[in-house]
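Chemist: no letters, just coordinates:
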């Protein structure tokens, strides 16, 4: 014989008694993404970030090289300008005297 | 920021953004759909297969989706159809078996590593399994997920009145079964 007791399902716990393997949903999404040919976003984002970093580094190297070359050219130009300036301050006769007389004095 | 439903539909219609948008959809709805399916097929392995078929059907049928219904309604419809097809196929494969499909599902559930219910939860699942498939769907959607009758009407294509009656009779039957002690 069956005993009867009143059970109302609205008073029962609605928790589902089921579980899933660890990390299941993330793995599932990756599997579907693979099937539809969608490359992993994280990889692409990470790769892009590395590309930006590398481009920045190369940019800094090129800028440094350009800056260094310009500076060196300026220094050379400045030295030449100084020599020209000094020479321009001396009149031609004094120069001739210097080049002609100096060797004579040294003898 | 997550894209709105409208933005997602737009992206789905652009070949360059389609896969990315669909990936977002998978990640948004996979859990809800998984539990919707799992409550019907009970075992994790079967739920996994049906969920995969659901998303692949959705992906292959994207051209037919024009955004007339909500994405969630569209996906629920596919998941429901896939689940019912899976159960029909299982029934056909087991035609020669002495046990009916519901008994097989219950046996699978007991053996499932991912079932962690107590005695009363097992008894509830057993009682739910006595319902016809469509009524089982209605009961699960209302009782466990609290989906509104309007949403259920859009998903199952059954009138609100019929859904209410179906749920009412399902509850009565289950309570009667649970109230009877062996």
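Modeler: Cool, the structure landed. Bear in mind that the values here come from a model prediction, so they are computed numbers and not experimental data.
Chemist: going forward, measure contacts between C-alpha atoms and count neighbours the same way
Modeler: Fine.
Chemist: buried ones in the one helix or strand residue B:104 maps to?
Modeler: Assigned by DSSP states H and E, residue B:104 belongs to helix B:101-111. In terms of neighbour count (16 or more other C-alpha atoms under 10 Å in any protein chain shown), helix B:101-111 has its buried residues at B:101-102, B:104-106, B:108-110.
Chemist: how deep is residue A:57 tucked in, by neighbour count?
Modeler: By other C-alpha atoms under 10 Å in any protein chain shown, 12 other residues sit near residue A:57.
Chemist: same thing with residue B:128?
Modeler: For residue B:128, using other C-alpha under 10 Å, the count is 24.
Chemist: thinking again about what came up before, quick one: name whatever helix or strand follows the helix holding residue B:104.
Modeler: helix B:119-128.
Chemist: run the angle between that next one and helix B:101-111 for me.
Modeler: Going by axes from the mean of the first three to the mean of the last three C-alpha atoms, to 10 degrees, helix B:119-128 is angled at 160 degrees with respect to helix B:101-111.
Chemist: which other helices and strands contact the helix or strand that helix B:119-128 is followed by?
Modeler: Later in the chain than helix B:119-128, the nearest helix or strand by DSSP H and E is helix B:133-143. Under the contact criterion of 3 or more C-alpha pairs under 8 Å, 6 or more residues apart in numbering or on different chains; DSSP states H and E, helix B:133-143 touches helix B:15-41, helix B:149-156, helix B:160-179.
Chemist: list the buried ones in the last one?
Modeler: Within helix B:160-179, the residues that qualify as buried by neighbour count (16+ other C-alpha under 10 Å) are B:160, B:163, B:166-167, B:170-171, B:173-179.
Chemist: and if you look at the second one?
Modeler: In terms of neighbour count (16+ other C-alpha under 10 Å), helix B:149-156 has its buried residues at B:149, B:152-156.
Chemist: what's that helix in contact with?
Modeler: B:73-74, B:76-77, B:138, B:141-142, B:158-160, B:163-164 (C-alpha atoms under 8 Å, 6 or more residues apart in numbering or on different chains).
Chemist: try stretch B:46-66
Modeler: With C-alpha under 8 Å, 6+ apart as the contact definition, stretch B:46-66 has outside contacts at A:32, A:36, B:9, B:12-13, B:22, B:26, B:30, B:33-34, B:37-38, B:41, B:75, B:78-79, B:82-83, B:86.
Chemist: run the last query once more with 7 Å
Modeler: Residues outside stretch B:46-66 that contact it (C-alpha atoms under 7 Å, 6 or more residues apart in numbering or on different chains) are B:34, B:37-38, B:41, B:78-79, B:82-83.
Chemist: mean confidence score for that stretch?
Modeler: The average pLDDT within stretch B:46-66 is 94.
Chemist: how about residue B:2, what does it touch?
Modeler: Contacts of residue B:2 by C-alpha under 7 Å, 6+ apart: none found.
Chemist: for residue B:91, grab the count of nearby residues.
Modeler: By the criterion of other C-alpha under 10 Å, residue B:91 has 16 neighbours.
Chemist: how much space between the nearest residue to it once chain neighbours are set aside and residue B:93?
Modeler: The shortest distance from residue B:91 to any non-neighbouring residue, by C-alpha to C-alpha, 6 or more residues apart in numbering or on different chains, is to residue B:101 (5.7 Å). Remark: distance between residue B:101 and residue B:93 (C-alpha to C-alpha, to the nearest Å) = 9 Å.
Chemist: wait, a strand at residue B:146?
Modeler: No: membership of residue B:146 in a strand is not supported by DSSP: H, G, I helix; E, B strand; the rest coil, which gives coil.
Chemist: quick check: phi and psi on it?
Modeler: The phi/psi pair for residue B:146 (degrees, to the nearest 10) reads phi 50, psi 40.
Chemist: measure how buried it is and give me the count.
Modeler: 10.
Chemist: report the longest helix in chain A, please.
Modeler: Assignment by DSSP state H gives helix A:41-89 as the longest helix of chain A.
Chemist: right, is that one up against chain B?
Modeler: No: Helix A:41-89 stays clear of chain B (C-alpha under 7 Å from any C-alpha of the partner chain), getting no nearer than 8.5 Å.
Chemist: now the angle between helix B:15-41 and that helix, please.
Modeler: Using the same axes, to 10 degrees: helix A:41-89 against helix B:15-41 is 150 degrees.
Chemist: domain map for chain B?
Modeler: Following automatic domain parsing, chain B resolves into domains at B:1-116, B:118-182.
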